[in-house]
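*Asks:* One predicted model, sequence on top.
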Amino acid sequence: MKKIGILFGMEETFPPAFIDRINALKPEGIVAEAVRIDKVMQGEPSGYAVIVDRISHDVPFYRAYLKNAALNGTAVINNPFWWSADEKFFNNCLAVKTGVRVPKTVILPSHAMPPDTTEKSFRNLAYPLDWEGIFAYVGFPAYFKPHAGGGWKNVYRVANKEEFFRAYAQTGQLSMLLQENIEFTEYFRCYCLGGTNVRIMQYDPRQPHHLRYVRSPMPVEAKLLKQLEVDVKTLNQQLGYDFNTVELAVRDGIPYAIDFCNPAPDADVRSIGEENFEWIVENAARLAIDRAKAFVEGANGLTWGEFVKSFAAGKGVGTGNSRNTQKRVKGKERNK
């Protein structure tokens, strides 16, 4: 019997619904349950064909457990090796290379020195930084947020450099991003499963958390929907995430990817609503079943993004599927 496990923490609605849905579908030779760990020994298999990870970003012990499980063939959703390496600034850099539009963004050193460092640790860093050049590039107002954070923690909206420096002084040892503000007319949050299955949801980040998913969405132009889908697939295929969300803000009819490093995205029925909840439970269950069917003990059951595969093959970053990149490539071909 192949087992699908889900590893989770404080969540109350998605994990039991996910388990119940798989077991209700009754896939032959497959059963789902909450992951149970009583000991972790090096090189020993976990006993699971698939594990859906919802919590290891907060618990290092779980991350080590998942890496060991993956070495023994478990298909961990999402890949714990890549998730350990990823962060939001790299995401933006990769998006630029693949032609997906993103806000102008810079990364900044932490305001306070990290542990076990001194001023000598930073002699390669110019002091002061070129603040005027940074502010001219990003513009105001701007958003100021951690380069490897989530859940809207330590996020500031700054209207000028005085507000920026006040916020900066509060960020301690966090490395922060300063990012262009996109004045949007439409905003979307999109689930992406398996790099190909996309659920586009209208979303309003200006509302309280439980009201952000629009319950009675307005019609959206077909051309825009298509571009949203293309950009979401491009980003997730490049990054290699099996289960992720991408947030996109639309300015002048053009989508900008705002946040797309959410490998344990909100799936609580109380915030995302019944229809979105039904979609994510059903499609996540079927993704996990497909991965369980493909399980081979000791084989590589992980998803690796096109970015990693291209670099491993010595090819550099691929062009992805973005319409913007396709236009640039076609233009180069015409100029040959």
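*Replies:* That came through, no problem.

*Asks:* Show me what the helix or strand that contains T234 is packed against.
*Replies:* T234 belongs to helix 222-239 when assigned by DSSP states H and E. When contacts are defined as 3 or more Cβ pairs under 8 Å, 6 or more residues apart in numbering; DSSP states H and E, helix 222-239 packs onto helix 88-98, strand 186-193, strand 197-202, strand 243-251, strand 254-259, helix 306-312. C-beta coordinates here come from the backbone N, C-alpha and C atoms, glycine included.

*Asks:* Would you format the ones you listed as JSON lines with mean neighbour count and mean pLDDT included?
*Replies:* Listed next are the helices and strands packed on helix 222-239 as JSON lines, based on neighbours: other Cβ atoms under 10 Å; pLDDT from 0 to 100:
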{"stretch": "helix 88-98", "mean neighbour count": "19", "mean pLDDT": "94"}
{"stretch": "strand 186-193", "mean neighbour count": "23", "mean pLDDT": "98"}
{"stretch": "strand 197-202", "mean neighbour count": "18", "mean pLDDT": "98"}
{"stretch": "strand 243-251", "mean neighbour count": "23", "mean pLDDT": "98"}
{"stretch": "strand 254-259", "mean neighbour count": "20", "mean pLDDT": "96"}
{"stretch": "helix 306-312", "mean neighbour count": "16", "mean pLDDT": "93"}
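
*Asks:* Which parts of the chain are strands?
*Replies:* Using DSSP state E, the strands of the chain run over residues 2-7, 30-34, 50-53, 75-77, 105-108, 142-146, 156-158, 176-180, 186-193, 197-202, 243-251, 254-259.

*Asks:* circling back to that earlier point, right, so of the helices and strands packed on helix 222-239, which gets closest to E180?
*Replies:* Among the helices and strands packed on helix 222-239, strand 254-259 comes nearest to E180, with 8.6 Å by Cβ to Cβ.

*Asks:* Could you spell out the sheet neighbours of that closest one, each with its direction?
*Replies:* Sheet pairing of strand 254-259 (DSSP bridges) gives strand 243-251 (antiparallel).

*Asks:* could I get the strand it pairs with in CSV with only the CA atoms?
*Replies:* Provided in CSV are the C-alpha atoms of strand 243-251 (Å, rounded to 0.1, in the frame of the first residue of the first chain):
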residue,chain,number,x,y,z
PHE,A,243,2.1,23.9,-5.2
ASN,A,244,2.4,27.6,-5.2
THR,A,245,0.5,30.9,-5.6
VAL,A,246,1.4,33.9,-7.7
GLU,A,247,0.1,37.4,-7.1
LEU,A,248,-0.2,39.8,-10.0
ALA,A,249,-1.1,43.4,-10.1
VAL,A,250,-2.5,44.8,-13.4
ARG,A,251,-1.4,48.4,-14.4
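
*Asks:* quick one, that strand and strand 197-202 angle?
*Replies:* Calculated by axes from the mean of the first three to the mean of the last three Cα atoms, to 10 degrees, strand 243-251 forms an angle of 40 degrees with strand 197-202.
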